[in-house]
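>>> what shape does this take:
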Amino acid sequence: MSPHLTIVDHPLVQHKLSIMRKISTSTAEFRRLLREISQFLAYEITRHLPMTTQTIETPIQSMDAPFIDGKKLALISILRAGNGLLDGILELVPSARVGFVGLYRNEETLEPVQYYYKVPDELDQRMVIAVDPMLATGNSAVAAIDLLKESGATNIQFLCLLAAPEGIAHLQEAHPDVPIVTAAIDSHLNDHGYIVPGLGDAGDRMFGTK
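The predicted model follows:
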């Protein structure tokens, strides 16, 4: 296993993910579970945030207390499905700056097509976390990280719910410096570029579209 690849195999994460996979799971429940799992994933991916200390007064005495140091981290949602992870992470890190990369997949070529890009400033001074529920072909993730690096980001991590071996290999080949945090690695991609066994199209299941 690559040191740049982390699988969050906590029992609660795996249990909730199994419910999400079921075809009978409703849109509302799918959305709720994705938000809940995103918080477990965020806990893991922010484990190495830089820290400093400040002197504070407790009701008993003063102490040097630990606080997160540096610029606010930047969360980058790869639209549209990335927003399902974004909401949960922001509950944990409400001061984070937020950006959006709009990409859709050409269903014939499976290549990403960009339609929107808006990110916080000073990315070179922030931890940047790109979020997308599915790392399938890896094309969208690679394209998004290409754009983030062009904007100056140097400390980038990628967070997803599910990954396929093909997507992991593609992302690691294109950006070997970008750690990946996921809840599970599935078997493979089918002929349409969907993760197997997967859970279907995360965006459609989250928003109730087809």
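
>>> got the contact list for the closest residue in space to Leu73 that isn't next to it in sequence?
The shortest distance from Leu73 to any non-neighbouring residue, by Cβ to Cβ, 6 or more residues apart in numbering, is to Met127 (4.4 Å). Any C-beta I mention is one placed from the backbone N, CA and C, and that applies to glycine too. Residues counted as contacts of Met127 (Cβ atoms under 8 Å, 6 or more residues apart in numbering) are 46, 49, 70, 73-74, 155, 157.

>>> likewise His4?
172, 176-180.

>>> buried sites along the longest strand belonging to the chain?
Assignment by DSSP state E gives strand 97-105 as the longest strand of the chain. Across strand 97-105, burial judged by 16 or more other Cβ atoms under 10 Å covers 97-103.

>>> farthest-apart pair in those residues, please.
Arg97 and Leu103 (19.8 Å; Cβ to Cβ).

>>> how much space separates Thr52 from Gln114?
Thr52 sits 37 Å away from Gln114, taking Cβ to Cβ, to the nearest Å as the criterion.

>>> quick one: which of those two has more around it?
Gln114 (14 against 11; other Cβ atoms under 10 Å).

>>> quick check: Arg126 touching Leu75?
No. Counting by Cβ atoms under 8 Å, Arg126 does not reach Leu75; the two are 9.9 Å apart.

>>> okay, and the common contacts of these two?
Arg97.

>>> give me the low-pLDDT residue ranges for the chain?
For the chain, the stretches with pLDDT under 70 are 1-3, 110.

>>> next secondary structure after the helix ranked longest in the chain?
Ranked by number of residues, the top helix in the chain under DSSP state H is helix 27-45. Next in sequence after helix 27-45, counting helices and strands by DSSP states H and E, comes strand 51-57.
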